[in-house]
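1. Okay, sequence plus prediction incoming.
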Amino acid sequence: MRNSQRQKVITCILPKGRASPLAKHLACEHGLTTVDVHYARGVGRITPLRHRGIGETSEREILTVAVPADEADTLFAHIYEVAEINRPHGGLMFMHASLCSTTFELPDLPEED
C-alpha cells in the first residue's frame, strides 16, 4: 500500500564527528526515521592553506533527512541550532522539495547498547 505525503529534504554538510549525534537526536527526539549520514572530503573557502594553493582537504559528514513539508521550516531552524551551523566553520545546510515519498515506519525494537 502506497501512502504518499509531501516531504522536504534537508541536507547538512558538517565537520567530522557531528552528523551521527545529530542523526540520533533527530530519531529519538523527533521520530524522524529517514536520516542518512555519509562522508566526504572538502576544502573550506576561508582556510589559510587554500590561499596558498595547497588544497589540503578535511573530512566532512553529510546528513540528509526527509521531513514532512508542513514541519520543514521549524525542523530546519531546530537543526540549524542543534548542529551549530551558525559558528565559524560550522558547516552549511540547505532544503529542497522532494518529488514524492512513501510513508515508512520502523518496527518497535529494543534499543541497542
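-> Perfect, I can see it now. Being a predicted model, the structure only gives us computed values, none of them experimental.
2. Do I have it right that residue 38 meets residue 62?
-> Yes: taking contacts as CB atoms under 8 Å, residue 38 lies within contact range of residue 62: 5.3 Å. Bear in mind the C-beta positions are built from the backbone N, C-alpha and C, glycine included.
3. quick one: which of the two has more around it?
-> residue 62 (16 against 10; other CB atoms under 10 Å).
4. For that one, give me its contacts.
-> Shown in contact with residue 62 (CB atoms under 8 Å, 6 or more residues apart in numbering): 11-14, 19, 37-40.
5. Which members of those are the farthest-apart pair?
-> The largest separation in those, counting by CB to CB, is between 11 and 39 at 13.8 Å.
6. Run through the helices of the chain in chain order.
-> Ranges of helices within the chain are 19-30, 48-51, 72-82, based on DSSP state H.
7. Now the buried members of the contacts of residue 62.
-> Among the contacts of residue 62, those classed as buried by 16 or more other CB atoms under 10 Å are 12-14, 19, 37.
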